[in-house]
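> How does the following fold in three dimensions:
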Amino acid sequence: MSPKPPKRLRSTVPAKSLSPHPDASTANAVPRPVSAFARSDQAGHLIEPHAHDRDQLIYAIRGVMTIEALGSLWTIPPNYSLWIPARVQHSVKMDTQVEMRTIYLTPDLVHAPVDKCQVRAVSALLRELIIRAMEIPALYDEQGADGRLMQVIVDEIQRQPELPFSVKLPSDRRLEKIARYMMRSLDESMTIAELGRMVGLSERSIVRRFPEETGLTLHRWRQQARLMRAFALAEKGHSIGTIANDLGYRTPSAFAKMFRKVFGQSPRELL
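Predicted coordinates for the structure are as follows:
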């Protein structure tokens, strides 16, 4: 049985926080095995596709992000992070106002796949360590207290469980167009035939090819995408009933049932 994600903590950290580096490029170039970087962005801001020479743990002490990498979309709510291996191209869209905190690590410090991103739960300890890391000098003493704190961060990253907060995008352009349309219109329930007419594909072709390319039926993919969107709506202060309605569920109980089926906990425990 997979470990349960931590109970959600509402951040009390001030919007402004110290950062040892002025930009991500500087943070990647510093001659230390671990470096930290902080930035603040408004809702809707897009960080264009890019890559780093170091492994990266993206975490937000406040806000929800959607990250696209390796043909998948990842929703990252507070108390969760995304592990991105070195040299993997990715883009970041801010679903809400975001206070991002990033840890860069030289490759191989953390034992993780080199070709796979992973959503990981962030423990209360790791959260506080990341916040503290933003105040550590860029050229910290590797043998001193700051160096030991950075090593504890590495150890804690290694311990965090992986979670299913992503959907894979189809490689076929017509299927990808359908998937992106559904991401923009999660409250709609167009039939497969109607979606097919948008791109010139038959219902039969979609039913057969969508699972081959994404690992999920179109219906299940749409359900997963809706549930991922719920985190951003909750961050904006929407009630469970409002979220259920916004995402096209007939009742809050129907939404809660599907949420628990996918994430293993109720919306009230995670949102």
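> so where's the chain shaky on pLDDT?
Applying pLDDT under 70 to the chain flags the ranges 1-18.
> can you give me the strands in the stretch 51-200 of the chain?
Ranges of strands within the stretch 51-200 of the chain are 55-62, 65-69, 72-76, 80-84, 90-94, 98-105, 118-121, 162-163, 166-168, based on DSSP state E, counting those that start in this stretch.
> Looking at the chain, which helix is longest?
helix 218-235 (DSSP state H).
> okay, that one in CSV with CA atoms only?
This file holds the C-alpha atoms of helix 218-235, laid out as CSV (Å, rounded to 0.1, in the frame of the first residue of the first chain):
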residue,chain,number,x,y,z
LEU,A,218,-10.3,9.3,-22.7
HIS,A,219,-12.9,9.2,-20.0
ARG,A,220,-10.4,8.3,-17.3
TRP,A,221,-7.9,10.9,-18.6
ARG,A,222,-10.5,13.6,-18.4
GLN,A,223,-11.4,12.5,-14.8
GLN,A,224,-7.8,12.7,-13.8
ALA,A,225,-7.3,16.1,-15.4
ARG,A,226,-10.4,17.4,-13.5
LEU,A,227,-9.1,16.2,-10.2
MET,A,228,-5.7,17.8,-10.8
ARG,A,229,-7.5,21.1,-11.5
ALA,A,230,-9.3,20.9,-8.1
PHE,A,231,-6.1,21.9,-6.3
ALA,A,232,-5.9,25.2,-8.0
LEU,A,233,-9.6,25.9,-7.4
ALA,A,234,-9.1,25.0,-3.7
GLU,A,235,-6.1,27.3,-3.5
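> for the strands of the stretch 51-200 of the chain, which one sits closest to Ser19?
Ser19 lies closest to strand 98-105 among the strands of the stretch 51-200 of the chain, at 8.5 Å (Cβ to Cβ). The C-beta positions use only the backbone N, C-alpha and C, and glycine is treated the same way.
> which parts of that closest one are buried?
Within strand 98-105, the residues that count as buried by 16 or more other Cβ atoms under 10 Å are 98-105.
> Can you spell out which helices and strands pack onto the following helix or strand past the longest helix of the chain?
Tracing the chain C-terminally past helix 218-235 and defining elements by DSSP states H and E, one meets helix 240-246 next. On a contact count with 3 or more Cβ pairs under 8 Å, 6 or more residues apart in numbering; DSSP states H and E, helix 240-246 meets helix 218-235, helix 252-263, helix 267-270.
> No further questions, thank you.
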